[in-house]
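Peer 1: here is the input, now give the coordinates:
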Amino acid sequence: MTATTPPDSKLKRPVAWTAFASLSRGPARERGRRGLLGSLVSHGILTVASLVALFPIAWLVFLSLGPDQDDYLHPGRIWHTMTLGNYSFVLQHTNFFEWMKSSLIVSLGTTVIGVMVAATTGYAVSRMRFPGYKKFMWVLLVTQMFPIAVLIVPMYQILSDLQLIDSYFGLILVYCSTAVPYSAWLLKGYFDTIPFEIDEAGRVDGLSPFGTFFRLILPLAKPGLAVAAFYNFITAFGEVAFASTFMLDDSKYTFAVGLQSFVSEHDAQRNLMAATAVLVAIPVSAFFYLVQKNLVTGLTAGGTKG
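Peer 2: Residues are numbered from 1 along each chain as shown. Now for the predicted structure:
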């Protein structure tokens with residue numbers, strides 16, 4: 001005899017599947033609603049954070065349009081007296097272009113020299129196993145622990161002995177001493193993410209270690225190099241203490257030091273300072289635009305290994 005399926009089971013099975021489908025659709029709709037709510041909340045938080053970040057910049061631009069140095073005390077007056085006279089005064093009656101030349105020389109020099117030194121250091125520690133290579137990286141990290149007030153006196157003595165006071169090259173060396181350790185750590189972490197087989201392939205093709213580094217590794221490390229370059233540029237561009245101490249000629253002042261000329265013992269021309277600050281942000285923004293495609297990749301990849 002063959003087993004027969006009870007007639008009522010044919011009815012129960014579709015009912016069970018229908019109930020299961022209805023239950024499965026319920027949580028799906030609930031998950032969809034929670035996803036929409038979470039998306040709205042996250043977008044709201046990001047919008048508020050963006051407004052908070054943009055407000056100081058917008059406020060600085062707004063103050064730079066005020067004709068009087070005390071307009072920051074009564075910002076409502078600026079709406080009726082907006083002018084670009086502050087910008088024309090800064091460009092025509094100050095050493096703005098001398099400050100720009102000095103800032104670009106020092107910043108780009110620090111970027112080029114600092115990135116090359118940090119890249120070779122990070123690559124050596126990443127690929128070579130010489131005695132004390134781990135301690136060497138920790139020594140670089142320890143150098144970041146000393147405050148500027150402690151370093152400025154011995155650095156001044158060293159530059160004085162080398163006759164590099166009031167010279168661009170001396171200031172570049174000072175900035176490299178502070179920017180290279182962090183950049184070396186960052187690039188070492190990025191080089192760790194590049195497969196070692198690439199180095200071996202270069203040696204098989206007859207490349208020297210320097211040839212492998214310059215022809216194979218550096219092109220692959222562009223995101224990490226972009227982050228290191230941006231850090232070196234910003235470090236040199238916005239620094240005040242070293243520049244105001246080691247640069248004696250006012251024609252060699254950087255932007256950060258030049259802004260101090262608008263502040264005296266009894267007066268502060270804040271409208272001119274605001275206009276200069278807006279103009280100062282242009283080179284930094286341009287440099288950021290050039291490297292911004294590689295910044296996120298370089299930061300995340302360089303931080304995954306160490």
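Peer 1: what sits against Asn86?
Peer 2: 64-67, 271-272, 274-275 (Cβ atoms under 8 Å, 6 or more residues apart in numbering). Quick note: C-beta positions are derived from backbone N, CA and C, even for glycine.
Peer 1: what about 10 Å?
Peer 2: 63-67, 69, 269, 271-276, 278-279 (Cβ atoms under 10 Å, 6 or more residues apart in numbering).
Peer 1: count the neighbours of Ile194 for me.
Peer 2: Ile194: 18 surrounding residues under other Cβ atoms under 10 Å.
Peer 1: about what we covered before: buried subset of the contacts of Asn86, written for ChimeraX?
Peer 2: Restricted to buried positions by 16 or more other Cβ atoms under 10 Å, the ChimeraX selection for the contacts of Asn86 reads:
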select :63,64,65,66,69,269,271,272,273,274,275,276,278,279
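Peer 1: out of the contacts of Asn86, list just those in helices.
Peer 2: 63-64, 271-276, 278-279 (DSSP state H).
Peer 1: which residue ranges form the strands in the stretch 1-150 of the chain?
Peer 2: Counting by DSSP state E, counting those that start in this stretch, the stretch 1-150 of the chain has no strands at all.
Peer 1: just for it, where's the confidence low?
Peer 2: 1-34 (pLDDT under 70).
Peer 1: please redo it, this time with the cut-off set to 90
Peer 2: The stretch 1-150 of the chain contains residues with pLDDT under 90 at 1-43, 53, 56-57, 60-86, 89-90, 92-96, 121-150.
Peer 1: what are the ranges of the helices in it?
Peer 2: Ranges of helices in the stretch 1-150 of the chain, per DSSP state H, counting those that start in this stretch, are 7-64, 78-81, 85-93, 96-127, 133-142, 148-161.
Peer 1: so which of those is the most surrounded?
Peer 2: Comparing the helices of the stretch 1-150 of the chain by mean neighbour count (mean count of other Cβ atoms under 10 Å), helix 96-127 comes out on top with a mean of 20.
Peer 1: still on that earlier bit, any chance of the helices of the stretch 1-150 of the chain in a markdown table, plus distance to Val263?
Peer 2: Converted to a markdown table, the helices of the stretch 1-150 of the chain look like this (distance: least, Cβ to Cβ, whole Å):
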| stretch | distance to Val263 |
| --- | --- |
| helix 7-64 | 15 |
| helix 78-81 | 21 |
| helix 85-93 | 14 |
| helix 96-127 | 15 |
| helix 133-142 | 36 |
| helix 148-161 | 20 |
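Peer 1: tell me how far Ser39 lies from Val48.
Peer 2: Distance of Ser39 to Val48, given as Cβ to Cβ, to the nearest Å: 15 Å.
Peer 1: check Tyr175 too.
Peer 2: Distance of Tyr175 to Val48, given as Cβ to Cβ: 36 Å.
Peer 1: and the closest residue to Ser126 other than its chain neighbours, which of the three is it?
Peer 2: Sequence neighbours aside, Phe191 is the residue nearest to Ser126 in space, at 3.9 Å (criterion: Cβ to Cβ, 6 or more residues apart in numbering). State at Phe191, reduced to three classes by DSSP: H, G, I helix; E, B strand; the rest coil: helix.
Peer 1: contact partners for Phe191?
Peer 2: 119, 122-127, 199, 213, 217-218, 220-221, 224, 301-302, 305 are the contacts of Phe191 under Cβ under 10 Å, 6+ apart.
Peer 1: now with 8 Å, please.
Peer 2: 122-123, 126-127, 217, 221, 224.
Peer 1: do Phe213 as well
Peer 2: 120, 123.
Peer 1: from Ile148, how far out is it?
Peer 2: For Phe213 relative to Ile148 (Cβ to Cβ), the value is 33 Å.
Peer 1: same thing with Trp79?
Peer 2: From Trp79 to Ile148 the distance is 41 Å (Cβ to Cβ).
Peer 1: tell me the mean pLDDT over stretch 284-304?
Peer 2: Taken as a whole, stretch 284-304 has a mean pLDDT of 66.
Peer 1: and for stretch 259-279?
Peer 2: Here the average pLDDT along stretch 259-279 is 82.
Peer 1: now stretch 218-227
Peer 2: On average, stretch 218-227 scores 87.
Peer 1: output it in CSV, but only the C-alpha positions, please.
Peer 2: Listed next in CSV are the C-alpha coordinates belonging to stretch 218-227 (Å, rounded to 0.1, in the frame of the first residue of the first chain):
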residue,chain,number,x,y,z
LEU,A,218,57.2,55.3,-4.3
PRO,A,219,54.6,55.2,-7.1
LEU,A,220,52.5,52.8,-5.0
ALA,A,221,52.9,54.9,-1.9
LYS,A,222,51.4,58.1,-3.4
PRO,A,223,48.5,58.3,-0.9
GLY,A,224,50.8,58.0,2.1
LEU,A,225,53.2,60.5,0.5
ALA,A,226,50.3,62.9,0.0
VAL,A,227,49.4,62.7,3.7
